[in-house]
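**Student:** sequence plus predicted model, see below.
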Amino acid sequence: MIPEKPPQENVFHGSEELKEAHVPSFDKYRELYMKSVDNPDEFWGDVAKDFFWKTKHTGQFLDYNFDVTKGEIYIKCMEGASTNICYNLLDRNVHEKKLADKVAFFWEGNDPGDELTVTYRELLQRVCQFANVLKAQGVKKGDRVSIYMPMVVELVVAMLACVRIGAVHSIVFAGFSAESLCERIVDSQCCLLITADGFYRGDKLINLKLLADEALQKCRDKGFPVGRCIMLKHLSKEPEGILGSQSPPAKRPCPDLQQEKQAGRVKKTRPVPKVPWNPEVDLCWHALLRGVSDECEPEWCDSEDPLFILYTSGSTGKPKGVLHTVSGYMLYTATTFKVVFDHQPDDVYWCTADIGWITGHSYITYGPLANGATSVLFEGLPTYPDVSRMWEIVDKYNVTKFYTAPTAIRLLMKFGNEPVQRYKRSSLKVLGTVGEPINPEAWQWYYNVVGEKRCPIVDTFWQTETGGHVLTPLPAATPMKPGSATLPFFGVVPAILNESGEELEGPSEGYLVFKQPWPGVMRTVYGSHERFESTYFKKFPGYYVTGDGCRRDKDGYFWVTGRIDDMLNVSGHLLSTAEVESSLVEHEAVAEAAVVGRPHPVKGESLYCFVTLNDGVMYNSELEAELKKQVREKIGAIATPDYIQNAPGLPKTRSGKIMRRLLRKIACDERELGDVSTLADSTVVEQLFQNRCCTAV
Ligand code: WTA
C-alpha cells in the first residue's frame, strides 16, 4: 500500500530546517501509517491521551459498517466517552498547558491597520460570556444555531459558545444569498440566527443584516419562523446606524469593545450600513453581553453527539447538511493539523480560507486551537488594497505556516514576482494548498517564488465530508511531486476502482474511494440518512465514494483529477450544475438550461450556461443580465454565470437525456466530438458551435 522506499526521480524534498519534525522521515511515516491501519485502537488511543475526557470510552475505538449490503451504514468513534471540544480547545490550553497569555488570533481586518489580538484567556472569557447569552435565550444542547457572519473573532466566539453548551452550529458562508441562507436554516430547523450588520470586501460594502432579514422573511413565508436574530455591530459603532422603533441603547459599556475602539478596529472614514431593526426578533450582541458572567460550565457531550452541520453542494441540486460529531472530529483535525503543518509551539499559522467553508472550520478553528496554535484570522482579500497584501501580512506577523488555495495562487501569479518579492517572507517554513488539483505551473511558482525553494508544499486533498486531510504529503517525510496529493494520512485506506467496482492495483486510473472510516469522517446527512447512504455508499458497496477521479502512478502516488459527478469546482468551491440550472429555469423566459464547466486560468472552472427560451421570447443583453442576477440572488456571487449562450435546441439522446459531454466540447470549442451515434438531432450541435460565446458576460 505505502511504497517501501520513497520515490527518487522527479521529486522535491522537504526542508533541512524540519529535521526535528513530528514525522521526520519517510520510514517513520510508513511505520506510523502501518500502526494506524493495523492497530487503530492503540494509534488513536495514544492521540486521545492528550485530551480531556469526562468519562473514558468503552469498547472499540472505531466501530463501523461501511457496507450497505450488510445493513445500515454507521461510524462510531470512542463510544461511551464524554468530553467538550470547547473545553479542550480553550480551558485545557489556558489551565493545563499554561497558554493563557499566548495569542490565539491576530485578527487582520479588510483595511490595513484594522487589527486585534486575542489571547487564549480572552477567547475563553468571551466564549463563556456568549455561551451564557445563548443559554439565556433558551438555546439548549442539541439545538441548531445558524451563523452568518464575516471573518471576525466573534464568528469563532459564536461557534465555540454553541459547542460549549452542546448546541450544533450551522455556519453559512457570508457570500451566500438570502435564499441559500433560508434554505439551510429551514433544513436544519435552526432556533436562532447570529449575524452582523455588515462588512467590507475590499471597497465593497456588504449589508449582511439586510440579507439576514430577507432570509428570515423567506423562512416565515415557508412557515418556519425563527424567533431570534442576534446581530453583532461590526461596522456601525454608533446606534444611529440602526433603524427601527427600539434601537439598541446608545451607550455600550462592554469592556472588550471599548478596547477594540481604541485599537481602531474599523476605519472611521467608511460609510456604515443603515440597519433595519425589528424589536420583535432582533437582539444586539453587545447589549446582550452586558453584565453577563464570563464563566460557564461546559456541557459534557457523548462522543457521537452532533458537533456541527455544514452544507455542501449536492449533485441533485439540494445542498446536503454534512454532520460531524464530537470526539472523532476533534482527534482527527487536531492530529492532521499537528502533523501536516508540522505544528511547533512558536509557529504563526495562517489559513486564508473563510470559516464558512470546511477548511476554515477544521483548520482555522478546531485543529489550530486544539494544538494551542497562534493563527492569523484575515477578513480581507488577497488583492486589496493591492496584490502584495498576503506577503505584507506574512512579514507583519512572521507567518511560518501558510495555507491557501490554487485559485489564489494562480490569481497572484498573474501579477508576476515583484509584488511577492517586495516582502521578505523569510519566516515561512511550510506552504499548503487545498480545494482543487493544483496545476504544476502554479505549484512551481508557489514553491520557487513564494517559498524560495525552501518550503515544502503540502497539497492536501480532502472534502467537507472527510472532516480533515485524507491524502497529503507530510512536510519533512514525503518527497513531493507537483500536482500530486501523494499518499494517505494515518488511518486512511484509499483505493481506485474501475466502472465495475473492481479494485485496481499498481498504476491505474478510476474512482477514488476509501475502504474504511477514520475518526473525522462525516456520520450522516442531516435529516436524511438515506441520502447519506445513497450518495456515498451505494454505487460501490463496501466503499466510501468521493466523487473524484484519481490516477495512481508507478510510485504509488495519488493524483486527484477532479470531480466525476455533476459538480463544478469554481475557485475551489463546489457547485452543483443542477442547482445553477434550476435557478435559471425559475426565470419566466427560460424553458430549459444546461450548465457545464469551462476551464478558467484563475478560477479553475467557469460556468458556461446554455439556455433554451420559451416560445416567443427574444434573447438580448437585458435578459442575459437578468439571468446572471437571478443566479446570484438565488445562490450567491460564487455561482454567477461566466457565459450564457442562447440555445434554441440542446443536444439530446434519443431517449431525451442532455448530452453534457457535447456541451463541454462546445463550451471549449473542441471539434473532436467522439461517439455521437446516440445523438437525436446532429444539426443542433453545429448550430451551437456557430453561436458560441467567446467572451464572458
Ligand atoms: C476538491 C474542500 C485535488 C475535490 C476541503 C474534492 C481537491 C472537493 C483538493 C471537496 C486537492 C479539494 N487536490 N482536488 N488538494 N482539495 N479538492 O467539500 O474535488 O469544499 O472532492 O472541501 O474539492 O470540496 P469541499
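**Tutor:** It's in.

**Student:** and the average pLDDT for stretch 584-601 is what?
**Tutor:** Stretch 584-601 shows a mean pLDDT of 93.

**Student:** and stretch 689-697, by the same measure?
**Tutor:** Mean predicted confidence for stretch 689-697 is 81.

**Student:** residues contacting it, please?
**Tutor:** Outside stretch 689-697, the residues within contact range by Cβ atoms under 8 Å, 6 or more residues apart in numbering are 606, 608, 624-625, 628, 641-646, 666-667, 669, 671. Where C-beta positions appear, they are placed from N, C-alpha and C, glycine not excepted.

**Student:** how about stretch 631-651: buried residues?
**Tutor:** Within stretch 631-651, the residues scored as buried using 16 or more other Cβ atoms under 10 Å are 631-636, 638-647, 650-651.

**Student:** would residue 328 count as being in a strand?
**Tutor:** No - using DSSP: H, G, I helix; E, B strand; the rest coil, the secondary structure at residue 328 is helix, not a strand.

**Student:** contacts only, for it.
**Tutor:** Counting by Cβ under 8 Å, 6+ apart, residue 328 has contacts 62, 75, 77-78, 303, 467, 518-521.

**Student:** and what of residue 630?
**Tutor:** Per Cβ under 8 Å, 6+ apart, neighbours of residue 630: 583-584, 586-587.

**Student:** how many other residues sit next to the nearest residue to residue 71 once chain neighbours are set aside?
**Tutor:** Using Cβ to Cβ, 6 or more residues apart in numbering and skipping residues adjacent in sequence, the residue nearest residue 71 is residue 65, 5.9 Å away. Applying other Cβ atoms under 10 Å, we find 16 residues neighbouring residue 65.

**Student:** and if you look at the one 10 residues further on?
**Tutor:** If you count neighbours by other Cβ under 10 Å, residue 75 ends up with 22.

**Student:** any idea how far residue 153 lies from residue 106?
**Tutor:** Going from residue 153 to residue 106 by Cβ to Cβ, to the nearest Å gives 10 Å.

**Student:** what touches both of the two?
**Tutor:** Counting by Cβ under 8 Å, 6+ apart, the residues touching both residue 153 and residue 106 are 116, 377.

**Student:** my read is residue 425 is in a helix, agree?
**Tutor:** No - using three-state DSSP, the secondary structure at residue 425 is coil, not a helix.

**Student:** residues touching it, list them.
**Tutor:** Contacts of residue 425 by Cβ under 8 Å, 6+ apart are 391, 394-395, 450-452.

**Student:** can you tell me which of these is nearest residue 282?
**Tutor:** Nearest to residue 282 among those is residue 394, at 39.1 Å by Cβ to Cβ.

**Student:** residues of the chain that sit close to the ligand?
**Tutor:** Contact residues (Cβ under 6 Å from any ligand atom) of the chain with the ligand: 312, 357-359, 434-437, 459-464, 485, 546-548, 560, 562-563, 569, 574.

**Student:** strands along the stretch 401-550 of the chain, start to end?
**Tutor:** 401-404, 430-433, 457-459, 494-497, 503-504, 508-514, 524-525, 544-552 (DSSP state E, counting those that start in this stretch).

**Student:** need the CA coordinates for the last one. PDB is fine.
**Tutor:** This file holds the C-alpha atoms of strand 544-552, laid out as PDB (Å, rounded to 0.1, in the frame of the first residue of the first chain):
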ATOM      1  CA  TYR A 544     -17.000   5.500   0.600                       C
ATOM      2  CA  VAL A 545     -17.100   7.100  -2.800                       C
ATOM      3  CA  THR A 546     -15.500  10.500  -3.000                       C
ATOM      4  CA  GLY A 547     -17.000  11.600  -6.400                       C
ATOM      5  CA  ASP A 548     -13.400  12.400  -7.600                       C
ATOM      6  CA  GLY A 549     -11.400  10.700 -10.300                       C
ATOM      7  CA  CYS A 550      -7.900   9.700  -9.500                       C
ATOM      8  CA  ARG A 551      -4.700   8.200 -11.000                       C
ATOM      9  CA  ARG A 552      -2.000   6.300  -9.200                       C
END
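
**Student:** helix, strand, or coil at whichever residue of the stretch 551-697 of the chain sits closest to the ligand?
**Tutor:** Using Cβ to the nearest ligand atom, residue 560 is the residue of the stretch 551-697 of the chain that sits closest to the ligand, at 3.8 Å. Assigned with three-state DSSP, residue 560 falls in the strand class.

**Student:** ok, now residue 565?
**Tutor:** coil.

**Student:** and if you look at the one 3 residues further on?
**Tutor:** Following three-state DSSP, residue 568 is assigned to strand.

**Student:** excluding covalently adjacent residues, which one is nearest to it?
**Tutor:** residue 597 (4.4 Å).

**Student:** so the one you found makes contact with residue 608?
**Tutor:** Yes - counting by Cβ atoms under 8 Å, residue 608 is a contact partner of residue 597 at 7.1 Å.

**Student:** need the overlap of contacts for those two.
**Tutor:** residue 667.

**Student:** farthest pair in the contacts of stretch 689-697?
**Tutor:** Top of the distance list for these (Cβ to Cβ): 625 and 671, 30.6 Å.

**Student:** tabulate the CA atom coordinates of stretch 625-643 in CSV.
**Tutor:** The C-alpha trace of stretch 625-643 is given here as CSV (Å, rounded to 0.1, in the frame of the first residue of the first chain):
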residue,chain,number,x,y,z
ALA,A,625,-28.1,40.4,-17.2
GLU,A,626,-31.4,39.4,-15.6
LEU,A,627,-30.4,35.7,-15.7
LYS,A,628,-27.0,36.5,-14.2
LYS,A,629,-28.7,38.4,-11.4
GLN,A,630,-31.2,35.7,-10.9
VAL,A,631,-28.5,33.0,-10.2
ARG,A,632,-26.5,35.4,-8.0
GLU,A,633,-29.6,36.1,-5.9
LYS,A,634,-30.7,32.5,-5.7
ILE,A,635,-27.3,31.0,-4.8
GLY,A,636,-24.7,33.7,-4.2
ALA,A,637,-21.9,35.5,-6.0
ILE,A,638,-19.7,32.4,-6.4
ALA,A,639,-22.3,30.9,-8.7
THR,A,640,-22.6,33.9,-11.1
PRO,A,641,-22.6,32.5,-14.7
ASP,A,642,-19.5,33.4,-16.7
TYR,A,643,-21.0,32.6,-20.1
